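[1] I would like the atomic coordinates for the input below:
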Amino acid sequence: MIKDASLSGDAVGVNWNKAQLDANPPNRVLMLEDTDGDGAFDKSTVFADKMTFPQGACWLNGSLYVGSPPSLWKLTDTDNDGIADQREEIVTGFDYTGNAADIHGPFCIPMAGSTGATAAKVTT
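    This next block holds a predicted model:
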């Protein structure tokens, strides 16, 4: 039995709410590389940190587009060091509650009845 449970955050199964996620986004996008060609990843780099729930990633023209509530982000590594040094919000305003399923897709037009549709104020 643990008598002093001083750990917190998603690493120990704590479900953070929206306010906690906005204040300190806990998640990240990793770049995994096979540097020696043996078919196994042997290098891990934090490509982007301080994200809510990164999901729906797509590479396009040298940038990674990622849905991470409340926004769709364009992440670009301009100096080729494996870290996104340029972050641009492409679309924002998707409401979320702290649930990782809030902006799957991501939806360009929030669907009626979804959390995002009830309070979405999408801006470009």
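[2] so who does Asn27 touch?
    By Cβ atoms under 8 Å, 6 or more residues apart in numbering, the contact list for Asn27 reads 10, 49, 51-54, 68. Where C-beta positions appear, they are placed from N, C-alpha and C, glycine not excepted.
[3] which among those residues end up buried?
    Applying 16 or more other Cβ atoms under 10 Å to the contacts of Asn27, the neighbour count classes 51-54, 68 as buried.
[4] returning to that earlier point: columns distance to Thr35, secondary structure and pLDDT on top of the contacts of Asn27, output as a markdown table?
    A markdown table is the format used below for those (distance: Cβ to Cβ, whole Å; DSSP: H, G, I helix; E, B strand; the rest coil; pLDDT from 0 to 100):
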| residue | distance to Thr35 | secondary structure | pLDDT |
| --- | --- | --- | --- |
| Asp10 | 29 | helix | 45 |
| Asp49 | 22 | strand | 95 |
| Met51 | 25 | strand | 92 |
| Thr52 | 30 | coil | 86 |
| Phe53 | 29 | coil | 83 |
| Pro54 | 23 | coil | 87 |
| Ser68 | 27 | strand | 88 |
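[5] Adding distance to Thr78, write the residues you listed out as CSV.
    Formatted as CSV, the contacts of Asn27 follow (distance: Cβ to Cβ, whole Å):
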residue, distance to Thr78
Asp10, 30
Asp49, 17
Met51, 19
Thr52, 24
Phe53, 25
Pro54, 20
Ser68, 20
